[in-house]
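Participant: using only what follows, build the 3D model:
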Amino acid sequence: MNKQQAQLIAEISDKYDIEVSLDSKNENVHLTKFSDIQVYSSFDAAKHYLNALIIEQQYLKNSEHDFQNFDLFKNLPQPSTPSNIIVTADESQSVLKIDNKADLFAFPVFLVFTSLGNVCKVQNTNLLNIQRVIERCEMEPGEKPLYVTATKNYSGFMIAAFQNGKVAKISMKSFVTEFNRKKLKNAFNTESKLIFIEYFNQESDLAAMSSINKVMVFNTAKINVVDSRTTKGVQVMKSKDFSLMLKMKRLEQVKFENSDYYRNDSLNVVGYYLKDGDIF
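Facilitator: Got it, this is the predicted structure:
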């Protein structure tokens, strides 16, 4: 990234109240969302991350999803496909998150999981931004998109986590339909509030935090994958004094001095208090 591109990213970030800093050579940009810092040396990657953050801000402010058509970089070269798109998780799964596949827009089918427990299936007809994908979803009144991923052969699995401490591991094959249906109801269980949903192509470590500041770390391999989309899941975090599981993140998105401190050989545990200096 050259100096001019880095400064342009900084200028637009400031306009939308998004924290940004440049390195000493003004070549790398550091974009901050909550406690998560993303460092980019690529202009294309920084640009698409910034656009995703701005879209997220609009979702928070406008329940009708009346997007602006962002053309913030119209005088600079445009990539053929976006890269490194990611919207960092909020306190719960209540704002739009986007799969961070570098080649997300190269996949033939988008899956948009919604607040009513549905999933919209959008065929990729040369779509180049998330706005256009969302526009093709047939939303019910009050329904909002929560998470967007894309697939070619429905490999891998979805992880859905709920406030009651349960976590479901749902095979992507369960979203296959014989015909090109635009929407599937009952994409995940809705008996308890959803706090996290993401696509995984391999077993990964996750961190969970409860309303009493207890933390636990576990690997998705400890949960069996199922074909039922509405599975209630496995009890991963145990409630104490009516506590709820409020947050879940990939382990690489938190900052723990020693993540093994929070790890247990089994599931259904209360967890350990978050140590001073550790950031969830």
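
Participant: C-alpha from now on. contacts and neighbour counts both.
Facilitator: Fine.

Participant: the closest residue to Tyr16 other than its chain neighbours: neighbour count?
Facilitator: Excluding its sequence neighbours, the residue lying closest to Tyr16 (Cα to Cα, 6 or more residues apart in numbering) is Ile54, at 7.1 Å. For Ile54, the neighbour count with other Cα atoms under 10 Å is 20.

Participant: and Ile54, that's in a helix?
Facilitator: Yes: counting by DSSP: H, G, I helix; E, B strand; the rest coil, one finds Ile54 located in a helix.

Participant: which residues sit in contact with Lys240?
Facilitator: Neighbouring residues of Lys240 by Cα atoms under 8 Å, 6 or more residues apart in numbering: Val270.

Participant: phi first, then psi, for it.
Facilitator: With angles defined as degrees, to the nearest 10, Lys240 sits at phi -140, psi 130.

Participant: check it and give its pLDDT.
Facilitator: For Lys240, the pLDDT comes out at 92.

Participant: the one 10 residues further on now?
Facilitator: Residue-level confidence at Arg250 comes out at 96, pLDDT.

Participant: Ile37 too?
Facilitator: 62.

Participant: repeat for Met1
Facilitator: At Met1, pLDDT is 70.

Participant: cool, the one 5 residues further on as well?
Facilitator: Turning to Ala6, the model gives it a pLDDT of 78.

Participant: what's the local residue count around it?
Facilitator: Ala6 has 25 neighbours, counted by other Cα under 10 Å.

Participant: ok, now Pro141?
Facilitator: Using other Cα under 10 Å, Pro141 has 7 neighbouring residues.

Participant: again, but for Val270
Facilitator: The burial count for Val270: 20, using other Cα under 10 Å.

Participant: now the strands for the stretch 51-200 of the chain?
Facilitator: In the stretch 51-200 of the chain, the segments counted as strands under DSSP state E, counting those that start in this stretch are 97-98, 109-114, 119-123, 145-151, 157-162, 166-171, 183-184, 194-200.

Participant: looking at those, spot the one closest to Glu11.
Facilitator: Closest of the strands of the stretch 51-200 of the chain to Glu11 is strand 97-98, at 23.9 Å (criterion: Cα to Cα).

Participant: which strands or helices does the closest one pack on?
Facilitator: Where contact means 3 or more Cα pairs under 8 Å, 6 or more residues apart in numbering; DSSP states H and E, strand 97-98 is packed against strand 145-151.

Participant: report the angle between the strand it packs on and strand 119-123.
Facilitator: Counting by axes from the mean of the first three to the mean of the last three Cα atoms, to 10 degrees, strand 145-151 lies at 40 degrees to strand 119-123.

Participant: quick one: strands adjacent to strand 145-151?
Facilitator: strand 97-98 (parallel), strand 109-114 (antiparallel) (DSSP bridges).

Participant: kindly export that strand (C-alpha atoms) in CSV.
Facilitator: The C-alpha trace of strand 145-151 is given here as CSV (Å, rounded to 0.1, in the frame of the first residue of the first chain):
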residue,chain,number,x,y,z
PRO,A,145,-29.5,-10.7,8.4
LEU,A,146,-27.0,-11.9,11.0
TYR,A,147,-24.3,-13.8,9.1
VAL,A,148,-23.3,-14.3,5.5
THR,A,149,-21.2,-17.1,4.1
ALA,A,150,-20.9,-18.8,0.7
THR,A,151,-20.5,-22.4,-0.5
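
Participant: follow-up on the earlier one: need the strands of the stretch 51-200 of the chain in JSON lines (columns: mean neighbour count).
Facilitator: Output for the strands of the stretch 51-200 of the chain, formatted as JSON lines (neighbours: other Cα atoms under 10 Å):
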{"stretch": "strand 97-98", "mean neighbour count": "25"}
{"stretch": "strand 109-114", "mean neighbour count": "23"}
{"stretch": "strand 119-123", "mean neighbour count": "23"}
{"stretch": "strand 145-151", "mean neighbour count": "22"}
{"stretch": "strand 157-162", "mean neighbour count": "24"}
{"stretch": "strand 166-171", "mean neighbour count": "24"}
{"stretch": "strand 183-184", "mean neighbour count": "17"}
{"stretch": "strand 194-200", "mean neighbour count": "23"}
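
Participant: distance to Gln4 added to those strands, as CSV?
Facilitator: What follows is these, written out as CSV (distance: least, Cα to Cα, whole Å):
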stretch, distance to Gln4
strand 97-98, 28
strand 109-114, 34
strand 119-123, 37
strand 145-151, 32
strand 157-162, 40
strand 166-171, 45
strand 183-184, 44
strand 194-200, 35
